[in-house]
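# Sequence first, then the predicted structure:
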Amino acid sequence: MQATRQRILEILKERAEATIEELGEALDLTSVTVRHHLDILRGEGLVEVPQVRRRATPGRPQYVYILTEAASDFFPKNYSNFASLMISEIRDRYGPAELDSILQGMARRIEKSIPGSLGGIFEERLTRVVDILNDRGYIAKWEKNGSGYCLRTNNCPYRDVSRDHTEACLMDMTLISDFLGVVPERISWTAAGENSCTYHVPFQMIPPQ
């Protein structure tokens, strides 16, 4: 994000709304320059169409700018720390077994939100799992080798959490197992410092079609 436009977002975040003149004064820029940056931010979906500000006294209407919901992505978040604290609190208060049960429940809540059945031949199931994982940012693919099938994910969307709490990976294993109808063997693991999480299903483990 270009520095001036980032600062405009920050000012609008602080004030909730501002006119071009107010932004120009805060940034020491001309109205023409401020309008140029606002037009770019509007084009990127980060600033709303200007709205008329009600005046207490007669005069020309003032137009104010506010942020869109999408602009919140440009401000710091601390979701991973929150999730890590939550996992630690659940484990310490209720024990590892209850934490595992909760994580499995979270995976099955995700499954319920996905339309369609879990059926189909095994390769169709693999393709569906890959699509589901990719929709969630995992960069997944599957391949067939001499001994069975491998499902690989090259990105962990919650890596900052799983690095300290490997229990979180149970969500992935539960979801993959439920969709495939078999519990695969994990042969590589990003939480252990490897480049990908890889799951292997030998031919003999594949359930009848």
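In hand now; what should we look at?

# For this structure, name the helix or strand with the lowest mean pLDDT.
Within the chain, no helix or strand scores below strand 51-53, which has a mean of 86 by mean pLDDT, DSSP states H and E.

# I would like the residues contacting that one, please.
Glu17, Thr19, Pro61, Gln62, Tyr63, Val64, Ile66 (C-beta atoms under 8 Å, 6 or more residues apart in numbering). Backbone N, C-alpha and C define where each C-beta goes, glycine included.

# Distance-wise, check the last one relative to Arg42.
Spatial separation of Ile66 from Arg42 under the definition C-beta to C-beta, to the nearest Å is 11 Å.

# related to what we said a few turns ago, just send the contacts of strand 51-53 back as CSV, with neighbour count and pLDDT too.
Conversion of these to CSV gives the following (neighbours: other C-beta atoms under 10 Å; pLDDT from 0 to 100):
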residue, neighbour count, pLDDT
Glu17, 16, 93
Thr19, 16, 94
Pro61, 9, 80
Gln62, 15, 85
Tyr63, 14, 91
Val64, 18, 94
Ile66, 16, 95
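
# out of the residues you listed, who's nearest Thr174?
Ile66 (41.7 Å; C-beta to C-beta).

# residues touching the closest one, list them.
Ile66 makes contacts with Leu12, Ala16, Glu17, Val47, Glu48, Gln51, as judged by C-beta under 8 Å, 6+ apart.

# so of the residues you listed, which ones are in helices?
Leu12 (DSSP state H).

# of all the contacts of Ile66, which comes closest to Ser113?
Glu48 (29.9 Å).

# What pLDDT is listed against that closest one?
We have a pLDDT of 95 for Glu48.
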